[in-house]
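Undergrad: Kindly generate the corresponding structure for this input.
(2 chains, ligands or ions: 2)
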Amino acid sequence: MNALYSLVLVFALVLIALFGVGTAHMAGLFGIALPLVAVAVFLVGFAYRIIKWAKSPVPFNITTTGGQQKSLDFIKHSKFDNPVTPGQTFIRMLLEVLCFRSLFRNAKTGIQEGQVTYASAKWLWLFSLLFHYSFLLIIIRHMRLFFEPVPACINFVAMLDGIFQIGAPRLYMSDILILVGLGFLLARRLWDAKVRYISLVTDYFPLLLIISVALSGIYMRFFAHVDIPAVKQLTMGLVTFHPVIPAGVSVPFYVHLFLVCTLLIYFPFSKLMHAGGVFLSPTRNMPNNPRRVHHENPWNDPSIKPHSYEDYENDFREPMIEAGLPVEKKS
Amino acid sequence: MADLPKAEELLKSINYTPPSTPWMDIKADTSPGNWCYPAKAEKLEYLGFPNPREWNPADQDWKLPENWQDIVHQGFKERLDKYRSLKIFMDVCVRCGACADKCHFFIGSGDPKNMPVLRAELMRSIYRKDFTMAGKILSTLTGSRVMTEDVLKEWFIYFYQCTECRRCSLFCPYGIDTAEVTMMARELLHLCGVNINWILEPVSNCNRTGNHLGIQPHAFKDIVEFMVDDIEEITGKRINVPLNEKGHEILFITPSGDVFADPGIYTFMGYLMLFDHIGLDYTLSTYASEGGNFGLFTSSEMMKKLNAKMYAEAKRLGVKWILGGECGHMWRVINQYMDTMNGPADFLQVPKSPITGTVFPAAAQTKMLHITEFTADLMKHNKLKLDPSRNDHLRVTFHDSCNPARAMGLMDEPRYVIKNVVKNFFEMPEQTIREQTFCCAGGSGLNTDEIMEIRMRGGLPRGNALKSVRDEHDVNMLSCICAIDRATLPPLANYWAPGVDVCGVHELVGNALILDGEKEREVDLRQEPLPGKEG
Ligand code: SF4
Ligand code: SF4
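TA: Numbers count the residues shown, from 1 in each chain, chains lettered A, B, ... in the order given. Ligands and ions are numbered 1, 2, ... in the order given. The predicted model follows:
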């Protein structure tokens, strides 16, 4: 049901763009106003969310440790799963952010003939990595639309991405891989009963939205043959704040652009913010050193005192003396 | 527990396919057996907690305060402002489900609300409604809902089916720690007077008598005397145990479960024998006679209050540093909270072993050392006279307690100690030990009998792993470094892997130690015949 709602939603978006540009001829709105607004919303929204999180303090050092602590010399310390220095913590975060280290641990639990079984389940890890890295490549490739002249590194990435030289225009690996990755994530959500049970519209919608972005992009490149120089004119107009709507930019481009704008606007308000949140998670981004180094809690309340020894002795003085336990006051 | 199903039946009853009804439409089952007994009014009154009353979770009316919804809302807001962790964990979950089958309560029950992701969603759904724009407008689409009495009841049931073991956190790509969410939810429940006795009574006891069992000082001394007698009977040697004495170098604090309950007492005897063996200058305290901190399962204020006794007593007695016994959540509190809440303890010195001279930078700030760190160092320096053959009748495995494993990273120290005193040591399967260890299912104050079936279900992964080493290697002893484990694992082992006993690591040390001037030993610390000495 939730998946269906999301599909309908994404279709509606496509129709809006088709109608808006194709029939209502609002290319200015879709090609200039909306992209500018979308980028602004994305940037401001992203920053706002991060600031909002950062405003709450981290009162305690609550690192989740995933390996042996640093203790005695003869015991091997697991540096990156249980870091004690900022440097080690940095590497832990790198492994987390760049390699999805925690997901790599994933195992599937089952029961077979009275035995609980744990089977390695790295599929989620693999396909998430595929998806995220393809996405990154695609974004980098698209940067050529925003630079004049195009920096060599961007051309280099595009060259690598299309290294197999299949077809004309050349087929990019990332175009295929992102669909494979996204397809897996969607299929898993639909097929795995547990994941389906917890999935909300807000889980399907971004998946379907990104799939539609990718599909519209591929459609433009291979089937609609959009006039790239004209598109570049438009994008360069946007980044230089001298917007133009060149002739020759066809409707499929506007559909693609509209979907991207929706994604940008949707991003800061949704779970997609995990992209920012992953850096702020206190269980991962702190060294496990509260036993070595003082950690300050800004709202620590010094007026909270233990039940005092004095009161304790007052309560039990007689029996303590009788039992021969030392006391502070004899009576 | 008469109606506890047989192990095989329970195993067969587990089904991982979620129901067809959406989870928001399923009310929590509040029939007896699904909850721990509520806290007694007098305990709440003594501690100054809100809404003390007699009530029964099976009843329709939970006698909540008039404005309980406001109370929860305000409490929620306050905690979002105080804890970045809570905010992040409410916002960034992508519901990837990587954590779903990592929780022992889900593995043993199949109840989808025991999937960590869904357990947290019980709270997130309210968060979205109350604190996000989209949730306020688009209820169903964003998975938000209004806080009702049914939701509160659901919270009570499921946040007391989480042992705050943090296993889910290890597997989450963002480190989302459902244990943190559970802690917050429990704080909110406390604000409305919805809490359980098996946590609040220990809290109140710890506060007054110093330990969760409510042992008074003179009784504490008697118990220690009994153990000294037992040690004399076994070894022929009478040892001296200082209590509440000033002027010693070290204060030793251990969970009171070790003092009171079988099999913890054997571990306690092990500590005492070790200290005597090396001539340690130490004292115990009856005032700070509890290492375990039930405040951790209550509220940060209560945790701080109970923890504060350790430093207060160290100061009063004038010791140089503190040595801590085998306990799980005690060490979570010491590692993650102690110095922040009650430090810096500048009147203490960085722990230094008086026997080997080793200084322990790991404890440079808290000035508190774990006994397995201390003993491992002694062993490394050959300071102990040991006869491991006295443990030859034991085939031992080791259970990593969740808190030392995932909130500290203390894993190889106990193993090093064990391997020095035990010849037959076997590890349980890889996915069930070290940082991936499975909970005893009785942690966070849930080790009470009225929820025995829930505990046995939650204990399935641990029990099953234990059974596998029992069958493969004839393991007959499960060692651990946690007093709650020593209380909760015996029934669990008995249920899932009959024939396996439970012990602390220092019980094994005590067995192996050759005390100066001791007589030829014929029995172990449990007074059972040693191998070759049977009749
Ligand atoms: S693993 Fe983390 S992100 Fe994934 S569902 Fe669980 S809590 Fe959410
Ligand atoms: S902390 Fe432990 S008990 Fe709680 S949800 Fe996570 S895995 Fe389950």
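
Undergrad: Determine how far the last residue of stretch B:208-226 lies from the first.
TA: 24 Å (C-alpha to C-alpha, to the nearest Å).

Undergrad: what does the model give the residue nearest to A:V244 when sequence neighbours are not counted for pLDDT?
TA: Spatial nearest neighbour of A:V244, excluding adjacent residues (C-beta to C-beta, 6 or more residues apart in numbering or on different chains): A:G237 at 4.3 Å. In this view, the C-beta of every residue, glycine as well, is placed from N, C-alpha and C. Predicted confidence (pLDDT) for A:G237: 91.

Undergrad: in what helix or strand does A:G237 lie?
TA: If you go by DSSP states H and E, A:G237 is part of helix A:228-239.

Undergrad: Next: B:R95.
TA: Here B:R95 sits in a region with no helix or strand, counting by DSSP H and E.

Undergrad: hang on, it packs against A:V201?
TA: No - using C-beta atoms under 8 Å, B:R95 is not in contact with A:V201; the gap is 11.4 Å.

Undergrad: So between these two, which is more surrounded?
TA: Neighbour count, other C-beta atoms under 10 Å in any protein chain shown: between B:R95 and A:V201, B:R95 has more, with 22 against 19.

Undergrad: and that one, what does it touch?
TA: Residues in contact with B:R95, defined by C-beta atoms under 8 Å, 6 or more residues apart in numbering or on different chains, are A:V195, A:I198, A:S199, A:L200, A:D203, A:K271, B:V117, B:E121.

Undergrad: just B:E301 next, same as before
TA: B:E301 touches A:D301, A:I304, B:G295, counting by C-beta under 8 Å, 6+ apart.

Undergrad: Now it. Its backbone dihedrals?
TA: As for B:E301, its main-chain torsions (degrees, to the nearest 10) stand at phi -60, psi -50.

Undergrad: Quick one: list the elements packing against whichever strand or helix holds B:M269.
TA: Here B:M269, judged by DSSP H and E, is contained in helix B:264-278. Counting by 3 or more C-beta pairs under 8 Å, 6 or more residues apart in numbering or on different chains; DSSP states H and E, the packing neighbours recorded for helix B:264-278 are helix B:217-235, helix B:257-260, helix B:371-380, helix B:483-496, strand B:501-504, helix B:505-512.

Undergrad: list the buried ones in the lowest-mean-pLDDT helix or strand in chain B?
TA: In chain B, the helix or strand scored least confidently by mean pLDDT, DSSP states H and E is helix B:139-142, which has a mean of 78. Neighbour-count burial for helix B:139-142, with 16 or more other C-beta atoms under 10 Å in any protein chain shown as criterion, is recorded at B:L141, B:T142.

Undergrad: counting contacts, what elements does that helix pack onto?
TA: Taking 3+ C-beta pairs under 8 Å, 6+ apart as the contact cut, helix B:139-142 packs with helix A:201-219.

Undergrad: now what about the helix it packs on, what contacts it?
TA: Contact with helix A:201-219 is made by A:2-3, A:5-7, A:9-10, A:13-14, A:135, A:138, A:175, A:178-179, A:182-183, A:185-186, A:189, A:252, A:255-256, A:259-260, A:262-263, A:266, A:270-272, B:94-95, B:140-143, as judged by C-beta under 8 Å, 6+ apart.

Undergrad: What segments of chain B are strands?
TA: Under the criterion DSSP state E, chain B contains strands at B:250-253, B:282-284, B:321-324, B:368-370, B:396-399, B:477-480, B:501-504.

Undergrad: can you list those in JSON lines and add mean pLDDT and distance to ligand 2?
TA: Shown next, in JSON lines, are the strands of chain B (pLDDT from 0 to 100; distance: least, C-beta to the nearest ligand atom, whole Å):
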{"stretch": "strand B:250-253", "mean pLDDT": "97", "distance to ligand 2": "26"}
{"stretch": "strand B:282-284", "mean pLDDT": "97", "distance to ligand 2": "33"}
{"stretch": "strand B:321-324", "mean pLDDT": "97", "distance to ligand 2": "23"}
{"stretch": "strand B:368-370", "mean pLDDT": "97", "distance to ligand 2": "22"}
{"stretch": "strand B:396-399", "mean pLDDT": "97", "distance to ligand 2": "15"}
{"stretch": "strand B:477-480", "mean pLDDT": "97", "distance to ligand 2": "17"}
{"stretch": "strand B:501-504", "mean pLDDT": "96", "distance to ligand 2": "21"}
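
Undergrad: deepest of the ones you listed, which one?
TA: Greatest average neighbour count among these goes to strand B:368-370 (a mean of 27), per mean count of other C-beta atoms under 10 Å in any protein chain shown.

Undergrad: For it, which strands pair with it and how are they oriented?
TA: Using DSSP bridges, strand B:368-370 pairs in its sheet with strand B:321-324 (parallel).

Undergrad: can you list contacts of the strand it pairs with?
TA: Outside strand B:321-324, the residues that reach it (C-beta under 8 Å, 6+ apart) are B:249-254, B:282, B:291, B:310, B:314, B:330-331, B:334, B:348-352, B:363, B:367-371, B:374.

Undergrad: From the chain's centroid, how far away is stretch A:279-299?
TA: Relative to its chain's centre, stretch A:279-299 lies at 22 Å (C-alpha atoms, centre = their mean, to the nearest Å).
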